[in-house]
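Asker: can you look at this prediction? I've put the sequence above it.
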Amino acid sequence: MGEESDRVTDQQRMLFGAGFVSGVVVTMLLLAVSLVVTARGQASVDGAVQSALVTVGAGVLFAGIVGAGLFSLAFPENRTEVPVDPEQFGLDEK
């Protein structure tokens with residue numbers, strides 16, 4: 001087909017990124033659940049498990065924020081256009 005159909009648009013790129021981040025969040029949540037299940041019966045590793053869960057929780061929160069941002073920016077109506085003077089960058093008015 002033509003070159004136009006092979007091009008990846010910004011929306012496709014950002015939706016792919018949001019999907020990737022969602023996969024990371026699900027993987028980290030599964031990791032947290034497996035940590036809780038395996039360490040449930042062990043009282044001696046409470047500090048290590050709690051530290052690991054806090055780290056995984058912070059990763060889930062960060063990835064969730066990034067994924068939501070990518071998903072939101074994937075749609076043009078959510079983006080802000082900043083007017084730029086072409087002369088500042090040495091561009092013509094074309």
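Answerer: Yes, it's here.
Asker: do you know the pLDDT at G69?
Answerer: Note on G69: pLDDT of 82.
Asker: which SSE is it in?
Answerer: G69 is part of helix 46-73, with elements assigned from DSSP states H and E.
Asker: longest single helix anywhere in this protein?
Answerer: As assigned by DSSP state H, the longest helix anywhere in the chain is helix 10-39.
Asker: and the angle from that one to helix 46-73?
Answerer: Between helix 10-39 and helix 46-73, the angle comes out at 160 degrees (axes from the mean of the first three to the mean of the last three Cα atoms, to 10 degrees).
Asker: I'd like the average pLDDT over helix 10-39.
Answerer: Rounded mean pLDDT across helix 10-39 is 84.
Asker: before we move on, what about stretch 51-65?
Answerer: The model assigns stretch 51-65 a mean pLDDT of 84.
Asker: would you mark the buried spots in that stretch?
Answerer: 52, 56, 59-60, 63 (16 or more other Cβ atoms under 10 Å). No exception for glycine: its C-beta is placed from N, CA and C like everyone else's.
Asker: distance between that stretch and the chain's centre?
Answerer: Using Cα atoms, centre = their mean, to the nearest Å, the mean C-alpha position of stretch 51-65 is found 13 Å from that of the whole chain.
Asker: what comes into contact with that stretch?
Answerer: Contact with stretch 51-65 is made by 21, 24-25, 28-29, 31-32, 35-36, as judged by Cβ atoms under 8 Å, 6 or more residues apart in numbering.
Asker: would CSV of those residues with distance to E81 and neighbour count be doable?
Answerer: Listed next are the contacts of stretch 51-65 as CSV, based on distance: Cβ to Cβ, whole Å; neighbours: other Cβ atoms under 10 Å:
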residue, distance to E81, neighbour count
V21, 25, 20
V24, 30, 17
V25, 30, 18
M28, 35, 20
L29, 36, 15
L31, 40, 16
A32, 40, 17
L35, 45, 16
V36, 46, 13
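Asker: what is the nearest of those residues to G67?
Answerer: Nearest to G67 among the contacts of stretch 51-65, counting by Cβ to Cβ, is V21 at 3.5 Å.
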